[in-house]
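K.L.:
With the input below, show me the fold.
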Amino acid sequence: MTPTAGLGLKSQHYDDAVACDAAGLWFEVHPENYMSAGGPRLAALEAVRARHPLSLHGVGLSLAADADPDRQHLAALKALVDRFEPFVVSEHLAWSTHRGAHQPDLLPFPRSRAALVRIADNIGRTQDALARRVLIENPSLYLPLKGHDLDEVDFLKALVAATGCGLLVDVNNVFVSARNLGYSAEAYLDALPADAIGEIHLAGHGLDEGGSGLLIDTHGAPVAEPVWALYRRLIRRVGPRPTLIERDDDIPVFQVLMAERDRAASELAALEAVGV
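P.N.:
The predicted structure follows:
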């Protein structure tokens, strides 16, 4: 089965996921939640994988840190890749560890040329360890940082050129960052290299409750209409790509998420129908 539109897999939806037979449906999980020797969670993932393709979307490699990826983490990730044979493995363009301390977030960094070399090396180490290409996700940003030598699109292009990695384009992240930092989301998406894009994410956002006026990438709401519009713009240019609906907070019943997933599947089918 060719993956078309999928959902982030939640434990309360294991039975629904196994029972669902929607064409092209796939599921994505954070591998860090399954790095164990056994137990009911791994058994449930085995049952889902028997019915549907899987994608592993990492949150713990800290590729933008000033250190190599943790060897034990890479080994555990490789074991999951070998066991479940995901059609995509991805990670974030961010850091979350520093000298043994782990931060509960995906943090930004100055896009310096030194950072480019370091992150390219970390991506290379990851791809060598996994013996496969990895997709890198664009971050959501809230405030400007000093020290950038490259804009984000050029930084991503340079990583692709240096490592052969692909891109996971989170359209909601583009929308949130563009609104917060004052640039064009459309121009950002138009400049991404089409042949590097291996997956697309769609998610919801919200307004900062502290009154800052910032948009926050909450993953706790339906996909907003402006994000759907950006998604259509992107896939009309680059063609159909496996597309995920992300929901990590205020999670509704499975059927509600499937309705959003089906909307993405319809957008992809419409492109296929006209030969894009």
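
K.L.:
least trustworthy helix or strand in this protein by mean pLDDT?
P.N.:
strand 101-107 (a mean of 68; mean pLDDT, DSSP states H and E).

K.L.:
in the lengthiest helix in the chain, what's buried?
P.N.:
Secondary structure of the chain per DSSP state H: the longest helix is helix 254-273. Residues of helix 254-273 classed as buried under the neighbour-count rule (16 or more other CB atoms under 10 Å) are 254, 257, 258, 260, 261, 263, 264, 265, 267, 268, 271. No exception for glycine: its C-beta is placed from N, CA and C like everyone else's.

K.L.:
show me where the stretch 101-250 of the chain has helices.
P.N.:
Using DSSP state H, counting those that start in this stretch, the helices of the stretch 101-250 of the chain run over 113-130, 152-163, 171-181, 185-191, 225-238.

K.L.:
Can you add mean neighbour count, distance to residue 249 and mean pLDDT and give these back as CSV?
P.N.:
Shown next, in CSV, are the helices of the stretch 101-250 of the chain (neighbours: other CB atoms under 10 Å; distance: least, CB to CB, whole Å; pLDDT from 0 to 100):
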stretch, mean neighbour count, distance to residue 249, mean pLDDT
helix 113-130, 17, 28, 98
helix 152-163, 18, 25, 98
helix 171-181, 22, 13, 98
helix 185-191, 16, 23, 98
helix 225-238, 17, 17, 98
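
K.L.:
Would you point out the most distant pair within the buried residues of helix 254-273?
P.N.:
Greatest spatial distance among the buried residues of helix 254-273 (CB to CB): 254 and 271, at 25.9 Å.

K.L.:
So what touches the host helix or strand of residue 50?
P.N.:
Assigned by DSSP states H and E, residue 50 falls within helix 40-51. With CB atoms under 8 Å, 6 or more residues apart in numbering as the test, helix 40-51 has contacts from 9, 11, 14, 17-18, 20-21, 27, 29, 33-34, 36, 54, 84.

K.L.:
let's see it at 10 Å
P.N.:
Residues from elsewhere that reach helix 40-51 (CB atoms under 10 Å, 6 or more residues apart in numbering): 1, 9, 11, 13-21, 25-27, 29, 33-36, 54, 80, 83-86.

K.L.:
hmm, which of the residues you listed are the buried ones?
P.N.:
9, 13-14, 16-17, 20, 25-27, 29, 34-35, 54, 80, 84, 86.

K.L.:
Next one: residue 141 from residue 14, what distance?
P.N.:
According to CB to CB, to the nearest Å, residue 141 and residue 14 sit 34 Å apart.
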